[in-house]
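Q: predicted structure and sequence below. I'll ask about it afterward.
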Amino acid sequence: MIPLHTAAEKAHILSEALPYIQRFYDKTIVIKYGGNAMTERHLMEAFAKDVVLLKLVGMNPVVVHGGGPQIANLLKKIGKQSDFIQGMRVTDEETLDVVEMVLGGLVNQDIVTLINKHGGKAVGLTGKDGNFIHAKKMLVASQEELGKFLDIGQVGEITSIDPKIIQLLDSGDFIPVVAPLGTDAEGNAYNINADVAAGKLAGVLKAEKVIFLTNTPGVLDKAGNLLTGLTPRQVDERIADGTISGGMIPKVGYAVDAVNSGVKTAHIIDGRVEHALLLEILTPEGVGTLIKRV
Ligand SMILES: Nc1ncnc2c1ncn2[C@@H]1O[C@H](COP(=O)(O)OP(=O)(O)O)[C@@H](O)[C@H]1O
Ligand SMILES: CC(=O)N[C@@H](CCC(=O)OP(=O)(O)O)C(=O)O
């Protein structure tokens, strides 16, 4: 038997969710689930339950997942090192095979299975399915030599997204779970950074929100304090002064790209906090860093 005050508190918390459920009813929420946020099983279970709940109360969650650490593990097992240039994995042919196996297979199916175990109807797909994410080879500008471009293998830059398959799944009660792989007219496969895929897909879908689940409380200042709100301009300033670095640069970059493409808000939140998604979407507190246009 739950003590009375706890029950009253619970009822209060539940009733607080009502305006958010109403506001986000039938809205698309793109959720980027980073490989670093998938470390513990109980967190993955909580994530899956949150996604099912969002769908049940009438939202259209679309999951785009990463799997960087999981790719690195398998590469290590076959004696291959992971190399990154400007946040992108150098992807030779052998690495591409591993990327396709891990993203399109292991990680994708793991998330699909968890969501379905909790009563959802998740459908796993990569950007190759239904030809929906088109990409071309990404060339990275050298930081040492002006005008020189570096070949980092089969890394894809998104050229177009056809959202029909996602909209079809959304309208049919399904929850799309997208692995960030792309294709081109010749049928070549491309490894796409998951932050890029989530940000671009959110833009094309004109999503209400794009939420990046990662392994920090959000964007932190130099003293380690959480920055609860940023505008695109403040993001640029924080990159220029070195506050934002490493893997956070593409994340905030594509969050800004998404809000500039019509997504209302972008959020960077801590995937290590149980039910972080529900806290962000259904409570007045919100969590993490909110990025929106002024
Ligand atoms: N200002 C900052 N605030 C928070 N994290 C930052 C910041 N600058 C750099 N980072 C780094 O970015 C990392 C998140 O990016 P990344 O490792 O690529 O995440 P994911 O695997 O979830 O995509 C953090 O763990 C942290 O090490
Ligand atoms: C081109 C590129 O870097 N692709 C990424 C795709 C996975 C990813 O982005 O995973 P996280 O979100 O977990 O980092 C990679 O190979 O690691």
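A: On my side now, so go ahead. Numbering: from 1, shown residues only. Ligands and ions are numbered 1, 2, ... in the order given.
Q: doesn't residue 212 lie inside a strand?
A: Yes: assignment of residue 212 by DSSP: H, G, I helix; E, B strand; the rest coil places it within a strand.
Q: quick one, what contacts it?
A: Going by C-beta atoms under 8 Å, 6 or more residues apart in numbering, residue 212 touches 32, 34, 195, 198, 251, 255, 266-269. In short, each C-beta sits where N, CA and C put it, glycine included.
Q: ok, so of the residues you listed, who is nearest residue 41?
A: When these are compared for distance to residue 41 (C-beta to C-beta), residue 34 wins out at 16.2 Å.
Q: so that closest one sits right up against residue 216, yeah?
A: No: Residue 34 sits out of contact with residue 216 when judged by C-beta atoms under 8 Å, with a separation of 10.3 Å.
Q: which stretches of the stretch 151-294 of the chain form helices?
A: 164-171, 194-205, 232-240, 248-260, 276-282 (DSSP state H, counting those that start in this stretch).
Q: in CSV, list those helices along with mean neighbour count and mean pLDDT.
A: Formatted as CSV, the helices of the stretch 151-294 of the chain follow (neighbours: other C-beta atoms under 10 Å; pLDDT from 0 to 100):
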stretch, mean neighbour count, mean pLDDT
helix 164-171, 16, 96
helix 194-205, 27, 97
helix 232-240, 16, 96
helix 248-260, 22, 95
helix 276-282, 23, 94
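Q: as JSON lines, those helices with distance to ligand 1 would be great.
A: Output for the helices of the stretch 151-294 of the chain, formatted as JSON lines (distance: least, C-beta to the nearest ligand atom, whole Å):
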{"stretch": "helix 164-171", "distance to ligand 1": "21"}
{"stretch": "helix 194-205", "distance to ligand 1": "6"}
{"stretch": "helix 232-240", "distance to ligand 1": "7"}
{"stretch": "helix 248-260", "distance to ligand 1": "4"}
{"stretch": "helix 276-282", "distance to ligand 1": "12"}
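Q: how about the residues of the stretch 1-150 of the chain near ligand 1?
A: Within the stretch 1-150 of the chain, the residues that sit near ligand 1 (C-beta under 6 Å from any ligand atom) are 34-37, 66, 68.
Q: do that again at 8 Å, thanks
A: Neighbours of ligand 1 within the stretch 1-150 of the chain, by C-beta under 8 Å from any ligand atom: 32, 34-37, 66, 68-69, 87.
Q: need the max-distance pair from those.
A: Across these, the longest distance by C-beta to C-beta is 17.0 Å; it joins 37 and 87.
Q: when those two are compared, which one has more neighbours?
A: Per other C-beta atoms under 10 Å, whichever of residue 37 and residue 87 has more neighbours is residue 37, with 24 against 17.
Q: look up phi and psi at the more buried one.
A: Main-chain dihedrals, residue 37, degrees, to the nearest 10: phi -90, psi 0.
Q: what sits against it?
A: 43, 47, 213-215, 270-272.
Q: what sits against residue 279?
A: Residue 279 sits next to 273, 285-287 when contact means C-beta under 8 Å, 6+ apart.
Q: can we see that at 6 Å?
A: Contacts for residue 279 were tallied using C-beta atoms under 6 Å, 6 or more residues apart in numbering; they are residue 287.
Q: from residue 128, how far out is it?
A: 34 Å (C-beta to C-beta, to the nearest Å).
Q: likewise residue 75?
A: 21 Å.
Q: likewise residue 285?
A: Distance check for residue 285 against residue 128: by C-beta to C-beta, it reads 39 Å.
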